[in-house]
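Novice: One predicted model, sequence on top.
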Amino acid sequence: MAVKFSKFISIFFHPINFPIIGAFIYFLFIPKHIFKPQEYTILMVIFIGTYVFPLVFLYLLKRFGMINSYYMANIEERKFPTLLFLFISIIIGNWLYRTEIVHLLSILYFGYGLGFLVSYIFLYLNLKISLHTAAIGGLIGFLIYFSISYKLNIIGIISAFFVLAGIIASARLRLKAHTLSEVFIGFLAGIFTQFITYAIYYIM
């Protein structure tokens, strides 16, 4: 039962879910007015770029035997997808930044891009950090500076995601998908790459 629950958590809270979750929370709480057609267009582009395209891409990789599973358990099979997701994150972030009305949201995707870069570097050190914990860690980091920037009281949501991060980390460990250090480093990488990106944005 515990293993089945862990598999459910790993699938339901797959890393590709968190970029669109972050965008939904952003538009739900942002105090500035954005016209609904603009909001829907932005959400649709993000959904296609960070969810639909990666799903199709992962399916094709598995279909042609380039990866054994959607979790990419092998270090070598993670390298190319990690680079692709890095470029997707940068492209989405750059597009959002150029729209000028959602600068802060663009930082989420630049931060994820930096997180993928860190993950890619670790692959060459024979360490496959957990993208599950990196993804939710990145979202938590974003929500922290989002709440500070707009003076929002969303401590309840942030706390809930911290609890969820613990559940996800436990699931990945129970499935023996990662070691404790890989899960922990992934989470820290997710949070701190967001803070670093925000700091760069704030300085500029």
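Specialist: Yep, that arrived.
Novice: Quick check: pLDDT value at the residue nearest the centre of the chain.
Specialist: Nearest to the geometric centre of the chain sits Ala135, at 3.3 Å (CA atoms, centre = their mean). On pLDDT, Ala135 comes in at 95.
Novice: Verify the contact between it and Ile20 for me.
Specialist: No: counting by CB atoms under 8 Å, Ala135 does not reach Ile20; the two are 11.2 Å apart. C-beta here means a position set from N, CA and C on the backbone, and glycine is covered the same way.
Novice: Okay, helices next: where are they in this structure?
Specialist: 2-12, 18-29, 36-47, 53-63, 75-99, 103-123, 131-150, 155-174, 180-203 (DSSP state H).
Novice: what's the neighbour count on Lys176?
Specialist: Residues lying near Lys176 (other CB atoms under 10 Å) number 10.
Novice: now it: how far from Ile16?
Specialist: 22 Å (CB to CB, to the nearest Å).
Novice: before we move on, what about Ala169?
Specialist: Between Ala169 and Ile16 the distance is 18 Å, computed by CB to CB.
Novice: ok, back up a step: setting aside sequence neighbours, what's the nearest residue to the residue nearest to the centre of the chain?
Specialist: In this structure, Ala135 finds its nearest non-sequential neighbour in Pro15, 3.7 Å apart by CB to CB, 6 or more residues apart in numbering.
Novice: okay but that neighbour is in contact with Thr133, surely?
Specialist: No: using CB under 8 Å, Pro15 is not in contact with Thr133; the gap is 9.0 Å.
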